[in-house]
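*Asks:* Take this sequence and fold it.
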Amino acid sequence: MSRHTTLPGPHLTALYLLHAGSMDVRLISLSVERHWKHAVRLVPTLDEARVVLVDCDRPGVEAAFEQLGPYPSAGIVCYAFHPKDHALRFPNRLILGKPLNLDALPGILAKAANDTAAIKATVTARRQVPAPVPTPPMAAVETPSSLGHGLHMDEERDLCGAMDDIPLTPGTPLSEKLFFAPDQYLIGHLSRAVEQAVASGRPHVISGLPHLIGVQPQPLPVCVTAFRGNQLRPFSMTQLPHATARIVSALIFSESVGTETVYAAEDFLWNIAAWAARGRLPVGTDPYQRVRLKAWPNFTQAFLSPHALRIAALWTRTWASPVEIATQLAIPHRYVFSVFSSAHFSGLLDRNAPTVAPIAVIPVAAHPSPSPKQEQRPSILSRILRKLLNAV
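*Replies:* A predicted model of the protein is given here:
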C-alpha cells in the first residue's frame, strides 16, 4: 500500500463499499485507517455515500447496481480484472483494473463524487430519473469461453483472482497481468529474510511494518510475529511502498511477551505467497517448464486453495508444467498457478527435471548364438550308431 498526498481541505470523500469481497473490504479499511484519514471515510449506508465502489467480477453485480437507483447523486467507481470485458455490460461506467492502484484511488473517488454532483446541479430535472440499469444482460447468461471463466465463491475470487486460462502451448505473448513482482509485496522481503537467516545462521528481522516479523534459522527455520491471521492476509495482498520493509540481522529476536505466534517458515512462506499471488505467477516464471513438488505441503497449517489437494497429489508423482497439470485435472490455470507460487517460495518446488535418455538397444546375439551349435551336435546314440555302421 503506497502512501500518498492527502486531498486539501477538511471535506472527506464519503465512500461506501458495495458488493466488494471480504478481502477487499479489509484492505481498503486498512488503507483508510493508516493512510487516507484526511481524504476518505467509510460510511455504513448508501444514504451517507458520495461515491460507491463496486466489484464487477463478483456474481450478482447487476442486482447491486439496482440498489443504486434511489441514489442518483452518488458517484460510481467500478473495478475488475479485465475492465474491457465489462465495458459493454456497464456502459458509461468508470471501471478500474485489479489490483487497485492505492496511490491514485483517493483522487479518483473524489473526482467521481464531484463530477456526479456537478452533473446533478446542472441537469437536476434529468437526474430525477434513476440512472439506467443494464437489465438485458441479466437474461442473457454468458457462456464461459474457457476454464478460466465461470462463477466462483467469494473466497476463490478474492484469493485466486479471475484470470483467463493461457494458451496450452508456448508461442503466444502472455499478458503482463499474469505475473506479479514479489519485491513489491511482503513475500519478497520475507523470502530474502529467510534465505539470509539460513545462510548466516543468525536471526533476522523485518522491520518497518505494523509488527515485526522475526526469522529464527535453527534448528528448522521458523517465523515469529504478532501479526494476527486476519491482518496477515490483507497485508500480504497489498503492494508495499518502496523501502517500507527493512531486513536487519539480530543476535536475538523478541517481539513482545505473550503476543507472538510461531509459524514454520515453510508454512508461513506458502501462505504469504498464495495471498500475494492471487492466481498469478512470479515475474520470470515459465508456465510451460516442467517441474515437480518435492513433498506434500502441510495443509493442516498451509493455505488450502481450490483443488490444492488434487494438484499436490498429481504433482508429487510426475514432472509436468503448470499448464499440463491444469489440463490433466480440467481446472482453471489460476488454481495451479497459486500452488506453483506457494511451492516456489516455500522451497517445495523441484526444477531439476531429469533428462530423458534414449532407450538402449540390448544385444541379443550373445546368448542365442551357442544354442544353434548345441542343437546341431549329434547325440551320443547317433555317434555310437555311426561308429557301428562304419565298422561293418
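
*Asks:* Name the residues linked to residue 95 by a beta bridge.
*Replies:* For residue 95, the beta-bridge partners under DSSP bridges are residue 78.

*Asks:* Next one: it from residue 165, what distance?
*Replies:* For residue 95, the distance to residue 165 (Cβ to Cβ, to the nearest Å) stands at 22 Å. Bear in mind the C-beta positions are built from the backbone N, C-alpha and C, glycine included.

*Asks:* And the strands in the stretch 201-350 of the chain?
*Replies:* The residue ranges that make up the strands of the stretch 201-350 of the chain, judged by DSSP state E, counting those that start in this stretch, are 204-207, 213-216, 222-225, 246-249, 261-264, 281-282, 292-293, 349-350.

*Asks:* Contacts only, for residue 236.
*Replies:* Counting by Cβ atoms under 8 Å, 6 or more residues apart in numbering, residue 236 touches 185-187, 271-272, 275-276.

*Asks:* where do the helices sit along the stretch 201-350 of the chain?
*Replies:* Counting by DSSP state H, counting those that start in this stretch, one finds helices in the stretch 201-350 of the chain at the ranges 229-236, 265-277, 308-315, 322-329, 333-346.

*Asks:* want to throw the ones you listed into JSON lines with distance to residue 179 and mean pLDDT?
*Replies:* JSON lines is the format used below for those (distance: least, Cβ to Cβ, whole Å; pLDDT from 0 to 100):
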{"stretch": "helix 229-236", "distance to residue 179": "17", "mean pLDDT": "85"}
{"stretch": "helix 265-277", "distance to residue 179": "10", "mean pLDDT": "94"}
{"stretch": "helix 308-315", "distance to residue 179": "20", "mean pLDDT": "94"}
{"stretch": "helix 322-329", "distance to residue 179": "13", "mean pLDDT": "94"}
{"stretch": "helix 333-346", "distance to residue 179": "10", "mean pLDDT": "94"}
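
*Asks:* now for those helices, which one comes closest to residue 219?
*Replies:* Among these, helix 265-277 comes nearest to residue 219, with 11.7 Å by Cβ to Cβ.

*Asks:* If you count contacts, what does the closest one end up packed against?
*Replies:* Judged by 3 or more Cβ pairs under 8 Å, 6 or more residues apart in numbering; DSSP states H and E, the packing partners of helix 265-277 are helix 186-200, strand 222-225, helix 229-236, helix 333-346.

*Asks:* Spatially central residue for the protein, please.
*Replies:* Nearest residue to the geometric centre of the chain (Cα atoms, centre = their mean): residue 278, 2.2 Å.

*Asks:* Tally up the residues packed near the closest residue to that residue other than its chain neighbours, please.
*Replies:* Using Cβ to Cβ, 6 or more residues apart in numbering and skipping the chain neighbours, the partner closest in space to residue 278 is residue 161 (4.4 Å). Using other Cβ atoms under 10 Å as the criterion, residue 161 is surrounded by 23 other residues.

*Asks:* Distance check, residue 311 against residue 187.
*Replies:* Spatial separation of residue 311 from residue 187 under the definition Cβ to Cβ is 19 Å.

*Asks:* how about low-confidence regions in this structure?
*Replies:* Of all residues in the chain, those with pLDDT under 70 make up the ranges 1-11, 120-158, 252-258, 356-377, 391-392.

*Asks:* can you point me to the longest helix in it?
*Replies:* Within the chain, and with DSSP state H defining each element, the longest helix by residue count is helix 105-122.

*Asks:* tell me what that helix is packed against?
*Replies:* Here helix 105-122 is seen to pack against strand 13-18, strand 51-55, strand 75-80, strand 94-97 when contacts are counted using 3+ Cβ pairs under 8 Å, 6+ apart.
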